[in-house]
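Trainee: Provide a 3D model corresponding to the input given below.
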Amino acid sequence: MTVTIFSPTVCALGEGPLWHPLRGQLFWFDILAKKLLTRTEAGEERYWQFDAHVSAAGWVDRDTLVIADEAGLLRFDIESGAQSRLAEIEADQPLTRSNDGRADPWGGFWIGTMGKKAEPGLGAIYRYYRGEVRRLVADVTISNSIAFSPDRVWAYYTDTRVGRIMRQKLDPREGWPVGEPDLFIDLSGTTFGADGSVVDSAGCLWNAQWGAGRVARYAPDGTLLSVVEVPTPQVSCPAFGGADLKTLYITTAATGIDTAPAGATFRVRVDTPGQAEHRVLL
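Mentor: Numbering: from 1, shown residues only. Okay, here's the model as predicted:
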């Protein structure tokens, strides 16, 4: 598998890649620059500047995104740039911001928060569903790895500081957590951090590993299957896209690294297609 640069635009902290299935283009964020970026397969690129940190998104329809920012969730119009507050999450906590997030198979949206300086235990993981916000996981330092199995049985998440990717069973009717989470993959003894994840159509989890310069693919039983090497160490999050969902997009970060291609967004063709990103129902 040959990794190539999809966008050379340098992101201080690239995150939250989202392939919009109706528009056929990739959206992603530079959290520290407070920007949403997009680029088509043909190479047309643009960005939107925000007043607060933005980090993750889900699609609602062709022209509407749900975007996570420091105070909760925004409804965002792609064509006009108009935005309105959809839900508040930690709006009264100036020390935190949003981080990793993804839409679930029921039309809900999971979003994690964290301290702006990664203060221990200051973050949490929430779910927005049918206008309601519930906190699902408390005492999180760096929320990451939110993803869902194609059979709608499992949600995955991690606290990067702890390094253990957890697997949470979900109620088949509405997708709320059932019982206590299980340990899926223990990376606590490694020198890298478990960052963002996505799950493919075969149920395998692809995890970006910050500091290792790679995305690792794990079987549904947690066995390491393969590794995609990325030519910069701070790899933050993968996402599937392209017409056949066999292109894996990978965001990275340039914070603390002065040499190219740190902070670029990459792509690689893979054999197993991903899942289409789920729509957020408002």
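Trainee: CA atoms only for stretch 12-26, dumped as CSV, please.
Mentor: Listed next in CSV are the C-alpha coordinates belonging to stretch 12-26 (Å, rounded to 0.1, in the frame of the first residue of the first chain):
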residue,chain,number,x,y,z
ALA,A,12,-1.1,22.3,13.4
LEU,A,13,-3.5,19.6,14.6
GLY,A,14,-5.3,17.9,11.7
GLU,A,15,-8.3,15.9,13.0
GLY,A,16,-11.8,14.7,12.4
PRO,A,17,-11.8,13.6,8.7
LEU,A,18,-15.3,13.0,7.3
TRP,A,19,-16.1,11.8,3.8
HIS,A,20,-19.4,13.3,2.8
PRO,A,21,-21.2,10.6,0.7
LEU,A,22,-23.6,13.0,-1.1
ARG,A,23,-21.0,15.6,-2.0
GLY,A,24,-18.1,13.1,-2.7
GLN,A,25,-15.5,15.2,-0.8
LEU,A,26,-13.5,15.1,2.3
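Trainee: what about it, average pLDDT?
Mentor: On average, the pLDDT along stretch 12-26 is 97.
Trainee: List the buried residues of that stretch.
Mentor: By neighbour count with 16 or more other CB atoms under 10 Å, stretch 12-26 contains the buried residues A12, L13, G14, E15, G16, P17, L18, W19, H20, P21, Q25, L26. No exception for glycine: its C-beta is placed from N, CA and C like everyone else's.
Trainee: Make JSON lines from the residues you listed and add secondary structure and distance to E45 to it.
Mentor: Formatted as JSON lines, those follow (DSSP: H, G, I helix; E, B strand; the rest coil; distance: CB to CB, whole Å):
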{"residue": "A12", "secondary structure": "coil", "distance to E45": "17"}
{"residue": "L13", "secondary structure": "coil", "distance to E45": "18"}
{"residue": "G14", "secondary structure": "strand", "distance to E45": "13"}
{"residue": "E15", "secondary structure": "strand", "distance to E45": "17"}
{"residue": "G16", "secondary structure": "strand", "distance to E45": "16"}
{"residue": "P17", "secondary structure": "strand", "distance to E45": "14"}
{"residue": "L18", "secondary structure": "strand", "distance to E45": "15"}
{"residue": "W19", "secondary structure": "strand", "distance to E45": "15"}
{"residue": "H20", "secondary structure": "strand", "distance to E45": "14"}
{"residue": "P21", "secondary structure": "coil", "distance to E45": "19"}
{"residue": "Q25", "secondary structure": "strand", "distance to E45": "10"}
{"residue": "L26", "secondary structure": "strand", "distance to E45": "10"}
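Trainee: So P177 is in contact with Y157, correct?
Mentor: No: judged on CB atoms under 8 Å, P177 makes no contact with Y157 at a distance of 10.3 Å.
Trainee: Between the two, which is the more surrounded one?
Mentor: Neighbour count, other CB atoms under 10 Å: between P177 and Y157, Y157 has more, with 25 against 16.
Trainee: coming back round to it: name the residues contacting each of P177 and Y157.
Mentor: Q168 (CB atoms under 8 Å, 6 or more residues apart in numbering).
Trainee: got a list of what A71 touches?
Mentor: A52, R85, E88, I89, E90, A91.
Trainee: Which stretches in the stretch 1-150 of the chain count as strands?
Mentor: Secondary structure of the stretch 1-150 of the chain by DSSP state E, counting those that start in this stretch: the strands cover 4-7, 14-20, 25-30, 35-40, 45-49, 54-61, 64-69, 72-77, 83-88, 96-103, 109-115, 123-129, 132-140, 143-148.
Trainee: Could you point out which of the contacts of A71 is nearest to G274?
Mentor: When these are compared for distance to G274 (CB to CB), I89 wins out at 27.0 Å.
Trainee: nearest spatial neighbour of that closest one, skipping sequence neighbours?
Mentor: Excluding the flanking residues, the one nearest I89 by CB to CB, 6 or more residues apart in numbering is G72, at 3.9 Å.
Trainee: I'd say the one you found and D92 touch.
Mentor: No: if you go by CB under 8 Å, G72 and D92 don't touch, sitting 10.6 Å apart.
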